[in-house]
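Trainee: return atomic coordinates for the entry below.
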Amino acid sequence: MYGYQESMEAEGAEPEGVWEDSPECLAHYRGVYNDMMEKHGAETRLGSNINICRISLITENLAIAAHNPQCRSGILRKMLSEIWAAAERHRPELTLTDLANMFIKYSVNSTVMGTLRRGFNALLSKKGLWGSD
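Mentor: Next up, the predicted model:
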């Protein structure tokens with residue numbers, strides 16, 4: 001549903017529909033929020049050193065995908081693409097359809113699962129998530 005286009009950055013641009021911030025801008029604001037949370041010890045008070053802001057982006061998107069069939073495919077395709085890239089895998093990229101078929105046929109091998117696990121963990125630790133680092 002995110003509709004950012006580079007033309008939105010042009011001075012005086014009037015986008016149709018909702019104005020969207022750039023991926024770099026959103027990553028910056030997540031960093032500001034995270035820095036403030038760390039500065040004030042909010043994560044420590046919650047009994048964890050987990051980056052709340054970083055993980056909330058992923059968990060919110062997974063919740064949307066689980067509850068909204070219209071958004072599911074786009075979110076899962078984007079997440080798989082980011083997981084694949086975070087695992088530093090190069091082409092050919094595993095597609096969502098390929099992965100779904102593997103799960104349906106119970107044919108997901110340990111290499112694919114290892115890549116998905118490694119990529120997801122790398123994605124969770126990525127500073128700028130789905131934008132610039």
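
Trainee: where exactly do the helices run in this structure?
Mentor: 23-39, 42-45, 52-67, 69-86, 96-104, 110-125 (DSSP state H).

Trainee: turn those into CSV, including distance to Glu6, mean neighbour count and mean pLDDT.
Mentor: Bear in mind the C-beta positions are built from the backbone N, C-alpha and C, glycine included. What follows is the helices of the chain, written out as CSV (distance: least, Cβ to Cβ, whole Å; neighbours: other Cβ atoms under 10 Å; pLDDT from 0 to 100):
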stretch, distance to Glu6, mean neighbour count, mean pLDDT
helix 23-39, 10, 15, 79
helix 42-45, 34, 12, 54
helix 52-67, 21, 14, 81
helix 69-86, 18, 16, 90
helix 96-104, 26, 12, 93
helix 110-125, 24, 14, 88
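
Trainee: I'd say Arg118 and Ala85 touch.
Mentor: No - in this structure, Arg118 is not within contact of Ala85 by Cβ atoms under 8 Å, at 11.7 Å.

Trainee: which residues do the two both contact?
Mentor: Contact criterion Cβ atoms under 8 Å, 6 or more residues apart in numbering; residues shared by Arg118 and Ala85: none found.

Trainee: how many neighbours does Ser107 have?
Mentor: 9 (other Cβ atoms under 10 Å).

Trainee: show me what contacts it?
Mentor: Contacts of Ser107 (Cβ under 8 Å, 6+ apart): none.

Trainee: what distance do you get for it to Tyr29?
Mentor: The gap separating Ser107 from Tyr29 is 41 Å, by Cβ to Cβ, to the nearest Å.

Trainee: also Ala87?
Mentor: 26 Å.

Trainee: and Leu57, by the same measure?
Mentor: 11 Å.

Trainee: try Asn68
Mentor: From Asn68 to Tyr29 the distance is 24 Å (Cβ to Cβ).

Trainee: and what of Val108?
Mentor: In terms of Cβ to Cβ, Val108 sits 36 Å off from Tyr29.

Trainee: repeat for Glu60
Mentor: 15 Å.

Trainee: repeat that for Tyr106.
Mentor: Counting by Cβ to Cβ, the gap from Tyr106 to Tyr29 is 42 Å.

Trainee: ditto for Thr97
Mentor: Taking Cβ to Cβ, one finds Thr97 at 34 Å from Tyr29.

Trainee: alright, that wraps it up for me.
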